Structures are given as C-alpha cells and as structure tokens.
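1. How does the following fold in three dimensions:
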Amino acid sequence: MLLLTMKTKIVLPNNRQIFFVGIIIILLMTGLIYRSSLKGEFLSYDDTENVVNNPLIRNLTLNTIPQFFHSEKLYMYTPLTFLSYALDYKIGGMDPYWFRFTNLLLNLLNIILTFILALQLLNKRILALFVAILFAVHPINVDSVAWISARSNLLAGTFILLSIIFYLFYIKKFNYWYLTLSVLTYLLSILSKSSFVLLPVFLFFLDYLQRRKWSAKTVIEKAPYFLFGLMIGLVTLFFRTDIGYSQSVASYSSIDRIFMLFYSLDGYLLKAILPVNLSEIYTYPVKINGFLPILYYFSPIIFILIPVFLIISFKSKDLQKQIITYFLFFLLLIIPTQSVIIEDGFMANRYGYIPLIGIFILLVVLINIIVMRFPTIIKWLIPLTIIIFIGFSVHSYNRSKVWRTTTILFDHAISVSPDASFAYNGRGMAKYLNNDFDGALADYNEAIKLNPVYSTCFYNRGIVFYNDQQYKEALQDYSSAIKLNSKFASCYDARGILYMDIIGNDSLALLDYNQAIQINPKFAQAFYNRGILFMRMQNTVSACNDFRKVKQLGYSQANELIERYCQ
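-> Have a look, this model is predicted:
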C-alpha cells in the first residue's frame, strides 16, 4: 500500500477540493462494485424471516412505532433496523431492490464517516483517504453490504462511527453538545445492534491516545454510555433465548471456546491483510480424540504476540499509543459478536465490518512510518498499491454477485467450505422452496452426515418427509430435533401438526403446542394451530382466545375465524 510523505519529495495534494473529488471517486467506484448485488432476490437466509414474513414492517404508522421497541426477530433486539426495513417497504413495497439499495447507501455513508474518523485521528487527509479506500474496496465487507439481513451491521456502524467522531470533537473542543451527540448516537447504534456495547471502554483509550489524564471527570462523563449499554445489553440477553441451545454446533467446553475465540480473532486479522478463500459460512473445528486441531492451541499466543511485537519494534511512545488504541478498537468492538456460538457465526465476515477499521488505520500508520524511514521503497509501493486496490475491487465485485440468489450463495459457500453443514442445510432450504424435494433431501442428508447433532437439519428434513407423506420418518426427525434442542419451538409446532392432522392424537398435539408457546410466547402460528385444535375439541372459548392472540401479534390468518365464531 502506498502512503506518500514529504520525505519522498513528492508534493502532496492538500487542497480540500482535490480530496473531495477523491471521496466522490471512491463512492462511485464502490457503487460500481456493488451494482450487480442490487438485482438480487430476498435470500432464504434470514431475509425471509426479517423482511418477507415480518408483518410489523408492513404497517408503519406513528401508532405502531412503539411495537418495534418491544419485539424481536431471530432472537435479536434491533428495533431501529426493523424500522429501516419498514421505511424501505413504504418506499418500494416488497421489492428487494430498495432494501439492497438502502444497504448500499448506508455503506457509502460509512465510507465518508471512516474518512472523517481517520482524519480526526491521523490529521493527514492523504492517510485518511487511504483508510477510506481500503474500507470501501475490502472484500470482507461484502457480506454486510450485499446481504439485506446484515443491515444491522451497517446501521449500527453508521451511528457508532458518528459517536466516536462526536466524542473526538468533544475532547478537542470540550463542547458538551458534542458529548451529548456522542451519547445519543451511541444509543442509536446499540438500538440498531447491541454488538458495540463496549464502546465506552474504548473511549478511555481514546482519552489515552489524545493525552487526556484519567480523572473523576473522564469517568463521570462516560456514565451515560455505560448506563445505556447496560440497559440494552440486558434487553438483548432477554431476547437471546437461543443462548445455550445452538442448533448446529457440536458441544464445546468452555476451554475449547476460548481457543476458538482466539483462532477466530487471528482469522480476522489475517483476512484484513490477505482476504483469500473468503466464505459466507466457515466450518466449525472437528475435535479428534477430544482435542481441537493443534493450531487452535497456539492461537492465543499468536494474537498476543502481534501487538507486543509491534510495540517492541517501534520505540516512539506516540506510535505505541496508536498501536494499542487501534488494536483495542478492533478487539473491543468485535468481542461481543464472538461471545455466543451460533450456526453461522464462526469467523463470520460480517462481524469485522466496523471493528477492522481499527486495523486498517493501524496498517496505514505503520506503512507510512516505513515509507518515511525508507523513501526509496516508494517506487515498489506504487505498483503494489495499484495491484492491491484493483485486486480487492475485483474480488469484492465477484463476491457481491454471490449474494444475488440463495442457491448461488450456498453453492459458493460449499465450494469454499465443503465441510460446512450449515451451507448444505441452507441450500437444502432453497431447493425445498423451489420444489426440488429430492435435491433438498440430499443436502439435508449430507448436512446431518457432517454434523449428526444438527437439530435444525433434522427439523427441515422432517418437513420434506411430511410433504412426501412419509409421516413415520417425519415424526422421527421432529423428535430427534427436539431431543437435540429442547427449546426448538418451531419443531414442537410442526410435530403438533403431525399429531393433530395425521396421527389424530389431540392430547399429544396440545402438549406440543403448549410447549412451543411456552418457549416463544409470540409464536403466532402455534397459537393459530392450537386454536384450530381447540375448535376440534369443541372448546370455543379457548380457541377464540388463541385466534385473538394471533390477531394481536399482527397476523391476519385468524380474522375470518374470529368473525365467524368469536363474536
């Protein structure tokens, strides 16, 4: 990467208009990179749940706004993200183009904010411009931009960058309006996605970087951040009912998870520098004789040695402060995303979207130091920089096309990570929705072969068996899924339907519906099915209560039954 300094005897462009044009070019280049992704569909990979089948976003009014703040989807508390989906629906209906276009606009805004942040920290426009370019074209960011359901990363990223920028303005000018704006944008960020709750801890290190002395004042001024972070953190934990009930991940001990955490962190650092073999889904490690692969046990040492080596290599106190601060920017903003093992969460590229800005800034700083010390190296850096940026841009363009359809997405994930059971399950779901039941069954079988404790896949295969009228096999798969995951509400509901409609055992069906509702009190489909069962049992009062609950949850499927039987 090329960083120009005065010692190279090259005149640096300092005119603001030149840099304004540079930013415009970066934004246009980014638009071209992601242009093809705008033509994609809603993916059967959270988009269906978050957008297509989400009645809340279809009814945005002043009266319904509070509903966004006391509901969740996919165990996540992201009210502002769902409000943004509702605005997309207001503009373009259920056209995926507008949802994808909003993602792109947010990414373009984040490129500008990244430039402003880097400029505030580095005080050199040329260095800030390189940070912005690196952020704009880096292939690891494609997953966040091209996937509608990654909107929370983009929106939370916008607000967290604004919060840091406002805080830097505050500590430079000591204007409390900037501090207020910083706190408010921090709150908006964690209402978009709670993964940045540790920002107030990082702010202490920004004080350290800016030579502020820690005192009672520096602690008190951060109290609102910690208060909001604690509140939203507790709400998020309340909704994260999937914790401890992962549907595809084999059991790992607490020690295993520590080594997996460090291995994942090392992976993000490697991908920041060398983004090759990027996949949408990464394979969880296989334990052999009770042990992880040996590289996992070295991962903490590698992660710790990287900043220690850099600090030792550079004697400048100011540079050491930058190394510590930018490294902690990465660590503190990414750690919350690594705390829960979920199906597709291991080393997921989307988690690095904002945290890796800290590494990008650090890379630019270090390369600038090298150029200053060895000016002649610039003749090699010029072509290398051009090659890297072109390569990153082409790689990002190609990866953005992968996110256009569900089938293409999981085909690519399987080609890169052939042992990723989640990818086979995802492709099986896409084939099922396209009425390719044989293809879906083959993918589910492969996923279960790779991961015999994959409860979601047993559930999905059970659905295929049910539709193929193989009821015995469907019942066996539903029961296997529940045995593997006792909190699997959807599977209790599916088994209840089988008991009710096929086997004719109303008592077992009622037990399953009750269990599904107990696990998920907002499970409208389970309320509807239980209402139908109550009607069959001639318990009209209980049936009408369930049908009204369905309507209260925002679904219309029971309205006709309410009018007919519940007046």
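
2. ok, now which ones touch Arg399?
-> Applying C-beta atoms under 8 Å, 6 or more residues apart in numbering to Arg399 gives the contacts Pro139, Val142, Asp143, Ala146, Leu278. C-betas here are computed from N, CA, C, even on glycine.

3. Give me the pLDDT value at the closest residue to Asn141 other than its chain neighbours.
-> Distance criterion C-beta to C-beta, 6 or more residues apart in numbering; nearest residue to Asn141, sequence neighbours excluded, is Tyr353 at 5.6 Å. On pLDDT, Tyr353 comes in at 96.

4. what about Tyr353, distance to Leu87?
-> 21 Å (C-beta to C-beta, to the nearest Å).

5. For Ile304, state which of the contacts of Arg399 is nearest.
-> Leu278 (25.2 Å; C-beta to C-beta).

6. remind me which residues of the stretch 101-250 of the chain are low pLDDT?
-> 239-250 (pLDDT under 70).

7. likewise the stretch 251-400 of the chain?
-> Using pLDDT under 70, the stretch 251-400 of the chain drops low at 339-344.

8. all strands for it, in order.
-> Counting by DSSP state E, counting those that start in this stretch, one finds no strands in the stretch 251-400 of the chain.

9. For it, which segments count as helices?
-> 254-273, 294-313, 317-334, 356-373, 378-402 (DSSP state H, counting those that start in this stretch).

10. check contacts around Trp403.
-> Trp403 touches Ser37, Gly40, Leu43, Val142, Asp143, Ala146, Trp147, Glu280, Leu409, counting by C-beta under 8 Å, 6+ apart.

11. Compare those residues and tell me which is most surrounded.
-> Among those, Val142 has the most neighbours (other C-beta atoms under 10 Å), with 30 neighbours.

12. looking at it, that residue is touching Ser400, isn't it?
-> Yes. Val142 lies in contact with Ser400 (C-beta atoms under 8 Å); the separation is 5.3 Å.

13. Overlap of the contact sets of those two?
-> Tyr34.

14. rewinding a little: list the contacts for the residue nearest to Asn141?
-> With C-beta under 8 Å, 6+ apart, Tyr353 has these contacts: Ile140, Asn141, Asp143, Ser144, Ala150, Asn153, Leu154, Gly157.

15. ok, back up a step: reformat the helices of the stretch 251-400 of the chain into JSON lines and put distance to Asn107 next to each item.
-> As requested, these are exported to JSON lines (distance: least, C-beta to C-beta, whole Å):
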{"stretch": "helix 254-273", "distance to Asn107": "17"}
{"stretch": "helix 294-313", "distance to Asn107": "28"}
{"stretch": "helix 317-334", "distance to Asn107": "17"}
{"stretch": "helix 356-373", "distance to Asn107": "13"}
{"stretch": "helix 378-402", "distance to Asn107": "11"}
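
16. Between those helices, which one is closest to Ile232.
-> Of all the helices of the stretch 251-400 of the chain, helix 317-334 comes closest under C-beta to C-beta, at 15.1 Å.

17. helices or strands next to the closest one in the packing?
-> Secondary-structure packing of helix 317-334 (3 or more C-beta pairs under 8 Å, 6 or more residues apart in numbering; DSSP states H and E): helix 199-209, helix 254-273, helix 294-313, helix 356-373.

18. gap between the third one and the chain center?
-> Pointing back at helix 294-313 there. 26 Å (C-alpha atoms, centre = their mean, to the nearest Å).

19. got the buried residues for it?
-> Within helix 294-313, the residues that count as buried by 16 or more other C-beta atoms under 10 Å are Tyr296, Ser299, Pro300, Phe303, Pro307, Leu310.

20. same deal with the last one?
-> Of the residues in helix 356-373, 356-369, 371 count as buried by neighbour count, 16+ other C-beta under 10 Å.

21. And for the second one?
-> The neighbour-count criterion (16+ other C-beta under 10 Å) identifies 256, 259-269, 271-272 as the buried residues of helix 254-273.

22. Tell me what angle that helix forms with helix 294-313.
-> Relative orientation of helix 254-273 versus helix 294-313 (axes from the mean of the first three to the mean of the last three C-alpha atoms, to 10 degrees): 60 degrees.

23. how about the residue nearest to Gly92 when sequence neighbours are not counted, what does it touch?
-> Nearest non-adjacent residue to Gly92, counting by C-beta to C-beta, 6+ apart: Trp98, 3.3 Å away. Trp98 sits next to Asp88, Ile91, Gly92 when contact means C-beta under 8 Å, 6+ apart.

24. Let me know the pLDDT of the last one.
-> In the prediction, the pLDDT value recorded for Gly92 is 92.

25. tell me which residues of the longest helix seen in the chain are tucked away?
-> Ranked by residue count and defined by DSSP state H, the top helix of the chain is helix 96-122. Across helix 96-122, burial judged by 16+ other C-beta under 10 Å covers 96, 98-104, 106-122.

26. Now do that helix against helix 378-402, angle only.
-> 150 degrees.

27. need the next SSE after helix 96-122, C-terminal direction.
-> helix 125-137 (DSSP states H and E).

28. Just list what that following helix packs against, helices and strands only.
-> Packing partners of helix 125-137 (3+ C-beta pairs under 8 Å, 6+ apart): helix 16-33, helix 96-122, helix 356-373, helix 378-402.

29. Please produce JSON lines containing those, extended by distance to Ile57.
-> Output for those, formatted as JSON lines (distance: least, C-beta to C-beta, whole Å):
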{"stretch": "helix 16-33", "distance to Ile57": "26"}
{"stretch": "helix 96-122", "distance to Ile57": "10"}
{"stretch": "helix 356-373", "distance to Ile57": "29"}
{"stretch": "helix 378-402", "distance to Ile57": "24"}
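
30. So which of the ones you listed is nearest Tyr528?
-> With C-beta to C-beta as the measure, helix 96-122 is the member of those nearest Tyr528 (27.5 Å).

31. ok but Ser44 is inside a strand, no?
-> No. Ser44 is assigned coil when assessed by DSSP: H, G, I helix; E, B strand; the rest coil, not a strand.

32. tally of neighbours for it?
-> For Ser44, using other C-beta under 10 Å, the count is 23.

33. now, among the contacts of Trp403, which is nearest to Met535?
-> Scanning the contacts of Trp403 for proximity to Met535, where the rule is C-beta to C-beta, the winner is Leu43, at 36.4 Å.
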